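> sequence unknown, structure follows:
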């Protein structure tokens, strides 16, 4: 936000011409931003002072990870702890993810640590950041006097804030559709800190064949719901994560086009906690099906390393078998005969009817280790 201060001033000046058509402005900074430079511009720029009134600084706190963030000590004293700075400037604090923390005693301990930094701001406990808008908008909570008590040189000190140089971001984007299973396998490896070059790893590693839970007779799939994937913990390698030089993910999110699925797949994650759900928003017929993802963290691997793994989740080849083909499927450590009923069903390469079990299965990827030609085995 520091380097974009000039752009923000220009934007605010242009938007003021449209002020009659809206009630206010909400400025959302990144999760790693120092709020001071943004707040400063409303008091050091006389034109903006006459145009806008700063209503409140709202800080959303990740209850599950805030104690870890506040405990970070930088080798250089001039490098700020962004989490502490955001708490200090807050007029209201949303203590989010309280449902993941556990007992009330732990939540109270977190609130005590927050109040040690900012004793004035009200703390609202939330889940999924759900709170009534009246708690956040037009509350007249900002106090310049309180900020000056915190930092007497606030209005005079316009130097650039020094951030942790080890913190960076990686953004990925490309046109095309992804294999759902390969994508989720790759995301788990990234988040766990165990990502290695995909060129040295079998991208089909760890894939299993699952029995479907949908009725056998339902092959039209009109109006059904896809299975959401909600992950509370992805089995982090904590020793790896706590190493000074290890890659640590703070925030990551993405929107993906999954082969065989009309809805957009949306990923949201913080540290090891992530949530993957299909959005109600569908890909339009004239819309380019593309996938994008961004990672923010400390000691990130190179963009090329991320790109290599991400692109190997892409569906790039035609399926080997068609609907009606009889094949052999490797399930529960043996090969069984099956009939392919559908291709690209709910993000899976095949939906196959096992003849001996009279049951359907999903095969997530088209690989020789899972599905083979009946002629090949015979």
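Noted; the coordinates are in hand. Nothing here was measured: the structure is a model prediction, and the numbers come from that model.
> for residue 124, what are its contacts?
For residue 124, the residues meeting the contact criterion (CB atoms under 8 Å, 6 or more residues apart in numbering) are 92-95, 131, 135. In this view, the C-beta of every residue, glycine as well, is placed from N, C-alpha and C.
> So it, which state does it fall into?
Under the three-state scheme (DSSP: H, G, I helix; E, B strand; the rest coil), the conformation of residue 124 reads as strand.
> What separation do you get for it and residue 257?
For residue 124, the distance to residue 257 under the criterion CB to CB, to the nearest Å works out to 36 Å.
> all helices for the stretch 251-378 of the chain, in order.
303-311, 374-377 (DSSP state H, counting those that start in this stretch).
> on that earlier part again, which among the contacts of residue 124 end up buried?
92-95, 131 (16 or more other CB atoms under 10 Å).
> would you say residue 100 is within a strand?
No. Assessed with three-state DSSP, residue 100 is helix; it does not lie in a strand.
> wait, it sits on residue 65?
No. In this structure, residue 100 is not within contact of residue 65 by CB atoms under 8 Å, at 9.8 Å.
> show me where pLDDT drops low in this protein?
In the predicted model, the chain carries pLDDT under 70 at residues 1-5, 31-33, 74-80, 150-151, 153-167, 194-246, 376-378.
> What sits closest to residue 173 if chain neighbours are left out?
Of all residues not flanking residue 173 in the chain, residue 292 sits nearest, at 4.0 Å (CB to CB, 6 or more residues apart in numbering).
> what number of residues lie near that neighbour?
The burial metric for residue 292, expressed as a neighbour count using other CB atoms under 10 Å, is 14.
> Residue 253 is in contact with residue 275, correct?
No. Between residue 275 and residue 253 there is no contact, the gap being 9.9 Å when judged by CB under 8 Å.
> Tell me the span between the first and last residue of stretch 297-314.
Taking CA to CA, to the nearest Å, stretch 297-314 runs 24 Å from one end to the other.
> What are the buried residues along stretch 299-312?
Of the residues in stretch 299-312, those buried by neighbour count under the rule 16+ other CB under 10 Å are 300-301, 305-306, 309-310, 312.
> so which of those comes closest to residue 320?
Proximity of the buried residues of stretch 299-312 to residue 320 (CB to CB) peaks at residue 312, which lies at 18.3 Å.
> The closest one and residue 271: what is the separation?
Distance check for residue 312 against residue 271: by CB to CB, it reads 24 Å.
> Mutual contacts of residue 275 and residue 253, please.
267-269.
> Distance to residue 368 and neighbour count for those residues - can I get that in JSON lines?
Listed next are the shared contacts of residue 275 and residue 253 as JSON lines, based on distance: CB to CB, whole Å; neighbours: other CB atoms under 10 Å:
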{"residue": "267", "distance to residue 368": "29", "neighbour count": "19"}
{"residue": "268", "distance to residue 368": "35", "neighbour count": "13"}
{"residue": "269", "distance to residue 368": "33", "neighbour count": "21"}
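> Go through these and flag which are in strands.
For these, membership in strands holds for 267-269, with DSSP state E as the criterion.
> part of a helix, is residue 184?
Yes. With three-state DSSP as the criterion, residue 184 is assigned to a helix.
> close enough to count as contact, it and residue 265?
No. With contact defined as CB under 8 Å, residue 184 does not reach residue 265; the gap is 9.4 Å.
> which residues do these two both contact?
residue 276.
> From residue 138, how far off is residue 255?
The gap separating residue 255 from residue 138 is 32 Å, by CB to CB.
> which SS state does residue 152 fall under?
Taken by three-state DSSP, the conformation at residue 152 corresponds to coil.
> State the number of residues packed around it.
Residue 152 has 10 neighbours, counted by other CB under 10 Å.
> which residues does residue 258 contact?
177-180, 183, 265, 347.
> Just give me the closest of these to residue 339.
Using CB to CB, residue 347 is the member of the contacts of residue 258 that sits closest to residue 339, with 20.3 Å.
> number of nearby residues for the closest one?
Other residues within reach of residue 347 by the criterion other CB under 10 Å amount to 24.
> Excluding chain neighbours, give the residue nearest to it in space.
Leaving aside its chain neighbours, residue 347 sits nearest to residue 180 (3.6 Å; criterion: CB to CB, 6+ apart).
> Could you check how many residues crowd around the residue lying closest to residue 138 once chain neighbours are set aside?
For residue 138, ignoring the flanking residues on the chain, the nearest one in space by CB to CB, 6+ apart is residue 55 at 6.3 Å. Residue crowding around residue 55 was assessed by other CB under 10 Å; the count is 17.
> How about the contacts made by residue 55?
Residue 55 is in contact with 24, 137-142, counting by CB under 8 Å, 6+ apart.
> Can you tell me which of the residues you listed are buried?
For those, a burial check counting by 16+ other CB under 10 Å picks out 141-142.
> Mind putting the contacts of residue 55 into CSV with distance to residue 358 and secondary structure?
Rendered in CSV, the data for those read as follows (distance: CB to CB, whole Å; DSSP: H, G, I helix; E, B strand; the rest coil):
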residue, distance to residue 358, secondary structure
24, 62, coil
137, 58, coil
138, 63, coil
139, 62, coil
140, 68, coil
141, 64, coil
142, 67, coil
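> With respect to residue 340, which of the contacts of residue 55 is nearest?
The closest of the contacts of residue 55, once distances to residue 340 are taken by CB to CB, is residue 137, at 54.6 Å.
> Residue 181 versus the closest residue to residue 354 other than its chain neighbours, what's the distance?
The shortest distance from residue 354 to any non-neighbouring residue, by CB to CB, 6+ apart, is to residue 338 (4.9 Å). In this structure, residue 338 lies at 18 Å from residue 181, with CB to CB as the measure.
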